[in-house]
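Asker: Please find the sequence and the predicted model below.
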Amino acid sequence: MRKRSLLGAASALAAASLAGALCLQTARSLVTPVVQRPERTRILAVDGGNVTLHADQDTSAPGVYSLYWGNRTGHARIGQVISSDTKARTVTRRVEEIYSGQLKGNTAGYWAGYVYPDPEAAGLPFKDVLLPGPAPAWLIPGSARRPWVIHVHGLGGRRATGVRTAPFFHRLGYPQLLISFRGDPDAPPTPDGKHHLGLSELADVEAALDFAASHGAGSIIISGWSMGATMALAAAHTSSHRALIAGLVLTAPVLDWHRTLSSHTAARRLPAALATGVLRILGGPLHRLAGLAQPLDLRTLDFSALAPPVPAVILHSVGDASTPIRISEDYAARFPDLVSLVRFPACRHTQEWNISPALWENAVEGWLPDGRS
């Protein structure tokens, strides 16, 4: 009996140790910037203006995307599917533009939802500006009578995130600011070299709002992606310029870090308690084990139970495995007079525009709070 008790205690201790190690590993990976993305997309052949790739969920998806290789030294814009071979598990797509490097077969790269490297590649006029930090941003001019749009990318992203939708706003005459923030590859790191999941980065959104206000913005729309949507919502509630914020465009938003992490762990068939453990590490006395100089109390970014102070439109894929759409559905159902939800076909996280540009743009144009429809 005593032996069985000792074995049971040892098993419980081993399980607890394993769970603790998994929580710590997840917490560290969540806040640690990715220096080099794994290049798992197999580039099989290049023939004229086409590229043949190993077929998978990414490379077979409809729409326009980016293909990077050679640790981002190579970059091409990849367009529509030309043909596919189910037996050989290959797909051939149009190469719309090569921005850098030489695209060759028998190599590998990684697939991304970016479309253009900068506004110039999208055919847009722009100039470089520096926000406090200094954090570089792109300013796309527009009509003085139109609201400004501030684009805020997500965790581990870049300001090029918003360039795919910038031509749409430019056609409508909106001045635009596409910002970077601390921790980005082209902006200063945070003091501890870690992501802070929107808590410290929110200061850079505030700096962008201040820039727009000081340059004549009469009203502002924030277009946020994933964690950028978290910061957009936070700014609408807390910014000193919140009176200027007229609306929020939220693509695949993180509305609640706890529910998002819980859903993400469940999708990976991991214990639901993992999310709670991760948040306790990040926000408690063990934060230094994740490399953080200060704890991250992500409850201060949870506005999911509060009505947004301005109208918001959410654009979210039904197949998003990173930030499940049911969280957005609950938010929209709770505040139906202020929140509109537009569902997209299944696609990767933040690739709603890529899979259906017309749906994204028509939905936003019909929603715009300045009366445009």
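Answerer: Noted; the coordinates are in hand.
Asker: what bits of this structure have low per-residue confidence?
Answerer: In the predicted model, the chain carries pLDDT under 70 at residues 1-20, 267-268, 270, 370-373.
Asker: ranges for the strands of it?
Answerer: Along the chain, the segments classed as strands by DSSP state E run 41-47, 50-54, 65-69, 74-85, 90-100, 107-112, 127-131, 135-140, 148-152, 176-179, 220-225, 245-251, 312-317, 339-344.
Asker: could these be laid out in CSV, adding distance to residue 161 and mean neighbour count?
Answerer: To be clear about C-beta, it is placed using only N, CA and C from the backbone, and glycine gets the same treatment. Below are those laid out as CSV (distance: least, CB to CB, whole Å; neighbours: other CB atoms under 10 Å):
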stretch, distance to residue 161, mean neighbour count
strand 41-47, 19, 17
strand 50-54, 23, 21
strand 65-69, 11, 23
strand 74-85, 15, 17
strand 90-100, 16, 17
strand 107-112, 10, 20
strand 127-131, 16, 13
strand 135-140, 11, 22
strand 148-152, 7, 28
strand 176-179, 8, 26
strand 220-225, 5, 29
strand 245-251, 9, 25
strand 312-317, 14, 26
strand 339-344, 16, 18
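Asker: For those, please prepare TSV with the additional fields distance to residue 302.
Answerer: Listed next are the strands of the chain as TSV, based on distance: least, CB to CB, whole Å:
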stretch	distance to residue 302
strand 41-47	35
strand 50-54	40
strand 65-69	32
strand 74-85	36
strand 90-100	39
strand 107-112	29
strand 127-131	26
strand 135-140	25
strand 148-152	18
strand 176-179	23
strand 220-225	15
strand 245-251	15
strand 312-317	16
strand 339-344	16
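Asker: wait, which of those strands is closest to residue 266?
Answerer: Nearest of the strands of the chain to residue 266, taken as CB to CB: strand 312-317 at 17.7 Å.
Asker: out of the strands of the chain, nearest to residue 301?
Answerer: Across the strands of the chain (criterion: CB to CB), the nearest stretch is strand 220-225, sitting at 12.2 Å.
Asker: quick check: domain ranges of the protein?
Answerer: 41-112, 119-367 (automatic domain parsing).
Asker: Most tightly packed of those domains?
Answerer: domain 119-367 (a mean of 20; mean count of other CB atoms under 10 Å).
Asker: so what's the spatially most central residue of the chain closest to, chain neighbours aside?
Answerer: Computing the C-alpha centroid of the chain and ranking residues by CA atoms, centre = their mean puts residue 154 first, at 3.2 Å. Counting by CB to CB, 6 or more residues apart in numbering, residue 154 lies nearest to residue 226, which is 3.1 Å off, once chain neighbours are set aside.
Asker: correct me, but residue 142 touches residue 176?
Answerer: Yes. At 6.6 Å, residue 142 and residue 176 qualify as touching, with contact defined as CB atoms under 8 Å.
Asker: shared neighbours, these two?
Answerer: 148, 169-170 (CB atoms under 8 Å, 6 or more residues apart in numbering).
Asker: could you redo these as TSV and give each row distance to residue 118?
Answerer: Shown next, in TSV, are the shared contacts of residue 142 and residue 176 (distance: CB to CB, whole Å):
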residue	distance to residue 118
148	19
169	16
170	14
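Asker: In JSON lines, list the domains of the chain along with distance to residue 28.
Answerer: Output for the domains of the chain, formatted as JSON lines (distance: least, CB to CB, whole Å):
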{"stretch": "domain 41-112", "distance to residue 28": "22"}
{"stretch": "domain 119-367", "distance to residue 28": "5"}
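Asker: Just tell me which of those ends up closest to residue 33.
Answerer: Per CB to CB, nearest to residue 33 of the domains of the chain: domain 119-367, 6.0 Å.
Asker: now the end-to-end length of the closest one.
Answerer: 24 Å (CA to CA, to the nearest Å).
Asker: first vs last residue of stretch 309-323, how far apart are they?
Answerer: 22 Å.
Asker: what do you get for stretch 241-248?
Answerer: End to end - CA to CA - stretch 241-248 spans 14 Å.
Asker: still on that earlier bit, and the domains of the chain: which comes nearest residue 22?
Answerer: Closest among those, using CB to CB: domain 119-367, at 6.3 Å.
Asker: Give me the distance between the closest one and the centre of its chain.
Answerer: 7 Å (CA atoms, centre = their mean, to the nearest Å).
Asker: So which of the domains of the chain is nearest residue 29?
Answerer: Of the domains of the chain, nearest to residue 29 by CB to CB is domain 119-367, at 9.2 Å.
Asker: Quick one: residues contacting the residue nearest to residue 217 when sequence neighbours are not counted.
Answerer: Nearest non-adjacent residue to residue 217, counting by CB to CB, 6+ apart: residue 148, 4.2 Å away. The contact partners of residue 148, taken as CB under 8 Å, 6+ apart, are 142, 174-177, 212, 217, 219-221.
Asker: redo that, cut-off 10 Å
Answerer: Contact partners of residue 148, counting by CB atoms under 10 Å, 6 or more residues apart in numbering, are 139-140, 142, 169, 174-177, 208-209, 211-213, 215-222, 244, 246.
Asker: show me the contacts for the residue nearest to the centre of the chain.
Answerer: 161, 198, 224-231, 251-254, 322-323, 349-350 are the contacts of residue 154 under CB under 10 Å, 6+ apart.
Asker: Just the residues you listed: which are in helices?
Answerer: 227-231 (DSSP state H).
Asker: Between those, which sits nearest residue 108?
Answerer: residue 227 (27.7 Å).
Asker: How about the contacts made by that closest one?
Answerer: 152-157, 181, 195, 197-198, 201, 252-254, 257, 260, 301, 323, 350.
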